[in-house]
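Participant: fold the following and give me the result.
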Amino acid sequence: MHLNQTCTLVTGASAGLGREIVRLIVREQGGSVIAVARRRERLDELSQELRNVASPEVTALAADLSNEAEVTRCFETATANRRVDGVILNAGVTYYGKVTDQPSESIGNILSTNTVGLTLLAARFSKYFLEQKIPGRLMLVSSMTGFSPMPYQAVYAGTKAFVTNFGLSLREELRGTGISVTVFCPGGIATEMFEKSGLSKQFGATDIGMMDAVSCAKYAVNAYLSGQDMAVPGLTNWVSSVAQRLAPRSLLARSVERLYRGGINK
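Facilitator: As a prediction, the model looks like this:
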């Protein structure tokens, strides 16, 4: 199945995984995209890049999804005078460090962006698909950090555990309606978020088995097309995800703490 003659909204589209997903949908699937992110200039650059290589429309929509009013504006703008066939909720932020050192603004931003904004958009688009009788597609981008405790990314890991459980719950609520919900759980990805988090000061991307954004985006689009319930990209990540879900959580927490401790103390 292809996405030609469809329109997909992608959040977090200005960099990393989201940007590569947009490129794949347009170049390889022939689908139109509403690209959403905070940084308008990045979105305009992406739109211009794709305008010259493909006929589908790429619409730039700048919005701060940590703000509920902006979430509402995003939804209303996206659905005004056009049909939206699918949504990939990829926007997310993180912080690398002790919770006791984490600024309150960072905690609030992570919670608002990763959970509240995502949940509001998922709920509103689900209702929109039902009311418009559209067999829509939803993909919620979670993370393997949602499977286990993650010291020094504690708030982020908590939000991703929420996303995974929320997404799988929503899938069951929508079963039989023709609307698919997929939870995508990548491991580490070598993106701008990795650099900004501070993890790159301790690890090289290849040192901890990070996947490049292009490869991860291909897994994401395939999972989105197939309507899988939950997808973990790559055999190594899949094996690790199974181990994480089987191992005692306290043991996982201690192991991760020892792994990341050195970077905190640098």
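
Participant: got any ranges where the protein has weak pLDDT?
Facilitator: Applying pLDDT under 70 to the chain flags the ranges 1, 53-55, 191-209, 263, 265-266.

Participant: where along it do the strands fall?
Facilitator: Along the chain, counting by DSSP state E, strands occupy 7-11, 32-37, 58-62, 86-89, 137-141, 180-184, 189-190, 211-212, 230-231.

Participant: can I get those strands in JSON lines with mean neighbour count?
Facilitator: All C-beta spots, glycine's among them, are computed from the backbone N, C-alpha and C. Supplementary listing: the strands of the chain in JSON lines, determined by neighbours: other C-beta atoms under 10 Å:
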{"stretch": "strand 7-11", "mean neighbour count": "24"}
{"stretch": "strand 32-37", "mean neighbour count": "27"}
{"stretch": "strand 58-62", "mean neighbour count": "19"}
{"stretch": "strand 86-89", "mean neighbour count": "27"}
{"stretch": "strand 137-141", "mean neighbour count": "25"}
{"stretch": "strand 180-184", "mean neighbour count": "25"}
{"stretch": "strand 189-190", "mean neighbour count": "20"}
{"stretch": "strand 211-212", "mean neighbour count": "17"}
{"stretch": "strand 230-231", "mean neighbour count": "18"}
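
Participant: those: which one's closest to K160?
Facilitator: strand 137-141 (9.1 Å; C-beta to C-beta).

Participant: put together TSV for the strands of the chain, with distance to L252 on each row.
Facilitator: Formatted as TSV, the strands of the chain follow (distance: least, C-beta to C-beta, whole Å):
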stretch	distance to L252
strand 7-11	29
strand 32-37	32
strand 58-62	38
strand 86-89	26
strand 137-141	22
strand 180-184	20
strand 189-190	20
strand 211-212	21
strand 230-231	19
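
Participant: can you tell me how far I88 is from E105?
Facilitator: According to C-beta to C-beta, to the nearest Å, I88 stands 27 Å off from E105.

Participant: one step back: out of the strands of the chain, which gets nearest to K218?
Facilitator: Judging the strands of the chain by C-beta to C-beta, what sits closest to K218 is strand 211-212, at 10.1 Å.

Participant: pull the residues that contact the closest one.
Facilitator: Residues from elsewhere that reach strand 211-212 (C-beta atoms under 8 Å, 6 or more residues apart in numbering): P186, G187, G188, I189, A190, A205, P233, G234, N237.

Participant: what does stretch 222-230 give?
Facilitator: 1-3, 86, 88, 137, 139, 164, 167-168, 171, 180-185, 231, 233.

Participant: would you agree L170 is in contact with A122?
Facilitator: Yes: with contact defined as C-beta atoms under 8 Å, L170 reaches A122; the gap is 6.3 Å.

Participant: common neighbours of the two, please.
Facilitator: Joint contacts of L170 and A122 (C-beta under 8 Å, 6+ apart) are L138.

Participant: which residue lies nearest the spatial centre of this protein?
Facilitator: N90 (2.4 Å; C-alpha atoms, centre = their mean).

Participant: tell me the contacts of it?
Facilitator: N90 neighbours (C-beta under 8 Å, 6+ apart): V10, T11, G12, A13, L17, G18, I21, M139, V141.

Participant: and the second one, how far from L140?
Facilitator: Going back to what we said before, that points to T11. Distance from T11 to L140, by C-beta to C-beta: 10 Å.

Participant: residues shared between the contacts of the two?
Facilitator: With C-beta under 8 Å, 6+ apart as the test, T11 and L140 both reach L89, L118.
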